[in-house]
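In: need the 3D shape of this:
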Amino acid sequence: MSKTKFEFTDNVMYVKGVGPRRAQALEKLGIVTKYDLLTHYPRTYENHTELTDIADIIPGEIALIVGTVIDIDSHEIRRNLTIINAILKDKTDEIKLTWFNQTWLLKKVRAGTRLLVIGKAKYDSWSGLEMNQIQSFTILEPNEEPELGITPVYPSTAAITQQVFRTAMKNLLSSMPKLKEILPQKLVREQYLIPLDSAMRNIHFPKDYATLDAARRRLAFDELFLIQCGLMLIKRQTRDERLGISHKKNGALVDAVLEKLPFNLTGDQKKVFRDVTKDMEDKLPMRRLIQGDVGSGKTVIALLALVKTVQSGFQGAFMAPTEILANQHYETFTKLLDGLNISVGLLSAKVTRTKKLRDEVYKKISAHEFDIVIGTHALIQEGVTFDNLGLVVTDEQHRFGVSQRSTLEKKSSLVPDMLVMTATPIPRTMTLTVYGDLDVSLIKELPPGRKPIETQAVTTRSRKKIYDFVRAEILAGRQAYVVCPLIGRSESERLADIESAEEIFDTLSNGIFRDIPCALLHGKMKPSDKDDIMEQFHDGAIKLLVSTTVIEVGVDVPNASVMVIEHAERFGLAQLHQLRGRVGRGAAKSYCILISDTKADVARSRLDVLESTNDGFKLAEEDLKLRGPGQFFGEAQHGLPDLKIADVFRDIEILIQARDAAENFITDDDNLNYFASLRQNLAVAYGDKFNQITEA
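Out: Here you go, the predicted model:
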């Protein structure tokens, strides 16, 4: 089953020690080819550089021991459970070794066999010192010296032991030819990087910790550098190859909207609008991300930009992630643009429910009877065409994938400007990695009069006191939210004592709030029913809204002053901050109360951090620390390949160095041909995934 010529694309079953059966188990870990196995990096390392005498073993701690087997036998306890026991002896003492269901050992290990064993021991009052958590063992020849060193620990499953992983990896590396450099030698020297081949071998089996650090730095730099090159290339190609729309300077229409606003722009808003204005008046397509905390006023900038494109004779599109948010933007825009001869259309699932109405709206869009079209993902459906789309705005951009934004962009023969916005503050480290192809503007300053939301984490023992407080707020003329993580409960959730929205609504509406108008809102309801409930809550007819996270984004009810979040440990930090942002939108002092009995350290840390600050950017950094970068954005939202070894939080210095190097590399025309050829060889270094970010 072996193959003569080494190919990275070979199936992993051709690695010695794997075979078809183990290849199936490895596939569950995403390992299909030899390349996949090579880049399945260790998750941590164990220091196995020193042997421990059996007499010096500390129960509960990892120990590396060498001894001679003086006895071995097996016991079938019941069907499918056989225990193998061996007594291992060194010059100081002896210990019992225990394996489960590994009867093949009886053919390999017998009295007189020398073993190198790694594992945790425990002390049993009946049998004495016993090691039944054996991580790995090696059979030694009679006079063989044990091989000590830093031992890799791989992400694995029960079907593939660490010993199997290590053996397969050693066999792969021994059969692998020397890796060619993929980076220019000049760059390798400038960045003080070790050779790629050395890095790849030492990341798995390092000689010492200094070599391990150098190997990891090299591989992390490569990964981040290649991603940054791809992003820079996209930015360069957009600049050089895709001429966009040169909008007119701000005129009477933009001035009229500024006059109609019931407030003055903050300093940050003015600065960001200057950035947007400059971009839109340039002949190159605008590609700008606006980051702004909840309530910072991003929508106003979007409105002004849309009016600017209308003033220049173009249409504008505004894509929101939910029906509720699209409707609210439509109402706000219609009100602010009243009397300015700008037509605003709404395109959502509700509007397109009947063919007659859908065709009518589509016709008005293509005939330019609507200057600005606000909608949900319905905007990118087949059949929607614009006459001359000049600007695309995407709100809550992390809710849309790259392909969805791109589809909306292509709804016109022109190359429209693009403005993306998010109320999820993104740490600088993530911005450098994910949005390297976009220009970024920040709105950190909140509008005058916005009061900080008082946040408090409490246990369920305070629940009665909390709901007494909520009732008092409602009787004083306010409104309140109660958010729950579940709609209903499964059997496992009942066992975990997690109450659902349905149960909490039933308890509250028939208990302390029985004389107060209450409603239940969740994602499984009909869109029309959800819209009706939100409209009643917005108008004040409903005073208490029990909901799931469907109200997380884009619900604006200034009269709501209290947000109660049940089982707050079930939510992420960014999500909790978004939910908190649903209150504090009016003149009244507002409160966010987090109810949780969790003892888990990470969950407790989230709640403590939320209590301590209202600054979304600080929270984003803390969220990245707590969760790590892997799932910060969720599955493939940004279209980049997963980072296999780099950590954008821990490796911020490497990231900045890689970004600077990529910027210099891509701006040099002589390097573009090299980069093109580099892409052809990336299957060896990083796989075909890299093409995802270099195909502009």
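
In: residues making contact with the strand or helix carrying residue 277?
Out: Element membership for residue 277, per DSSP states H and E: helix 267-281. The contact list for helix 267-281 (C-beta atoms under 8 Å, 6 or more residues apart in numbering) reads 245-250, 265, 286, 288, 290, 292, 296-297, 300-301, 304-305, 308-309, 391, 417, 419, 439, 441-445. C-betas here are computed from N, CA, C, even on glycine.

In: hang on, isn't residue 223 packed against residue 646?
Out: Yes - in this structure, residue 223 is within contact of residue 646 by C-beta atoms under 8 Å, at 4.6 Å.

In: burial count for the closest residue in space to residue 188 that isn't next to it in sequence?
Out: Computed as C-beta to C-beta, 6 or more residues apart in numbering, the closest residue to residue 188 that is not its neighbour in sequence is residue 181, at 6.7 Å. A total of 14 residues lie near residue 181 under the criterion other C-beta atoms under 10 Å.

In: before we move on, what about residue 74?
Out: 14.

In: what subset of the contacts of helix 267-281 is buried?
Out: The neighbour-count test (16 or more other C-beta atoms under 10 Å) marks 245, 247, 250, 265, 286, 288, 290, 292, 296-297, 300-301, 304-305, 308-309, 391, 417, 419, 441-443, 445 as buried among the contacts of helix 267-281.

In: which regions of the stretch 151-300 of the chain lie under the pLDDT threshold?
Out: 234-243 (pLDDT under 70).

In: 80 instead, please
Out: The model of the stretch 151-300 of the chain has pLDDT under 80 over residues 158-159, 161, 163, 227, 230-244, 293-296.

In: all strands for it, in order.
Out: 287-292 (DSSP state E, counting those that start in this stretch).

In: CA-only coordinates of the longest strand along the chain in PDB, if you can.
Out: Ranked by number of residues, the top strand in the chain under DSSP state E is strand 62-78. Output of strand 62-78 as PDB, limited to C-alpha atoms (Å, rounded to 0.1, in the frame of the first residue of the first chain):
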ATOM      1  CA  ILE A  62       2.700  13.300  34.700                       C
ATOM      2  CA  ALA A  63       5.700  11.100  35.100                       C
ATOM      3  CA  LEU A  64       8.200   9.600  32.600                       C
ATOM      4  CA  ILE A  65       9.600   6.300  33.900                       C
ATOM      5  CA  VAL A  66      11.700   3.400  32.600                       C
ATOM      6  CA  GLY A  67      11.700  -0.100  34.100                       C
ATOM      7  CA  THR A  68      11.500  -3.800  33.400                       C
ATOM      8  CA  VAL A  69       8.300  -5.800  33.400                       C
ATOM      9  CA  ILE A  70       8.400  -8.500  36.000                       C
ATOM     10  CA  ASP A  71       4.900  -9.800  35.500                       C
ATOM     11  CA  ILE A  72       1.900  -9.300  33.100                       C
ATOM     12  CA  ASP A  73      -1.500 -10.900  32.900                       C
ATOM     13  CA  SER A  74      -5.100 -10.200  31.800                       C
ATOM     14  CA  HIS A  75      -8.600 -10.400  33.300                       C
ATOM     15  CA  GLU A  76     -11.900 -10.500  31.400                       C
ATOM     16  CA  ILE A  77     -14.100  -8.500  33.700                       C
ATOM     17  CA  ARG A  78     -17.200  -8.800  31.400                       C
END
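
In: what strands flank it, and is each parallel or antiparallel?
Out: Using DSSP bridges, strand 62-78 pairs in its sheet with strand 81-89 (antiparallel), strand 114-124 (antiparallel).

In: pick out the shakiest of the ones you listed, pLDDT-wise.
Out: The stretch with the lowest mean pLDDT among those is strand 114-124, at a mean of 88.

In: list the buried residues for it?
Out: Buried positions in strand 114-124, judged by neighbour count with 16+ other C-beta under 10 Å: 114-121.

In: what's the answer for stretch 44-54, then?
Out: So, applying 16+ other C-beta under 10 Å, buried residues of stretch 44-54: 45-46, 48, 52, 54.

In: how about stretch 580-589?
Out: 580-586, 588.

In: got the residues you listed as CSV, with distance to residue 98, pLDDT and secondary structure columns?
Out: Listed next are these as CSV, based on distance: C-beta to C-beta, whole Å; pLDDT from 0 to 100; DSSP: H, G, I helix; E, B strand; the rest coil:
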residue, distance to residue 98, pLDDT, secondary structure
580, 52, 90, helix
581, 55, 84, coil
582, 56, 86, coil
583, 58, 89, coil
584, 59, 86, coil
585, 62, 80, coil
586, 66, 81, coil
588, 66, 88, coil
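
In: before we move on, back to that, right, and the residue nearest to residue 188 touches residue 196 too?
Out: Yes - assessed by C-beta under 8 Å, residue 181 is found in contact with residue 196 at 5.6 Å.

In: right, and residue 370 touches residue 343 too?
Out: Yes - under the contact definition of C-beta under 8 Å, residue 370 touches residue 343, with a separation of 5.2 Å.

In: so residue 514, which of the three states?
Out: Look at residue 514: counting by DSSP: H, G, I helix; E, B strand; the rest coil, its state is coil.

In: phi, psi for it please.
Out: Main-chain dihedrals, residue 514, degrees, to the nearest 10: phi -60, psi -20.

In: just the pLDDT at it, thanks.
Out: Model confidence at residue 514, given as pLDDT, is 95.

In: and it, how many neighbours does it have?
Out: 9.

In: next one: residue 20
Out: Residues lying near residue 20 (other C-beta under 10 Å) number 10.

In: which residue packs closest to it, ignoring adjacent ones?
Out: residue 13 (5.1 Å).

In: now that neighbour: how far from residue 37?
Out: Using C-beta to C-beta, to the nearest Å, residue 13 is found at 10 Å from residue 37.

In: and the two? Which one has more around it.
Out: residue 37 (23 against 17).

In: please give me every residue in contact with the more buried one.
Out: Neighbouring residues of residue 37 by C-beta under 8 Å, 6+ apart: 12, 15, 26, 31, 168-169, 172.

In: mind doing that once more with 7 Å?
Out: Going by C-beta atoms under 7 Å, 6 or more residues apart in numbering, residue 37 touches 12, 15, 31, 168-169, 172.
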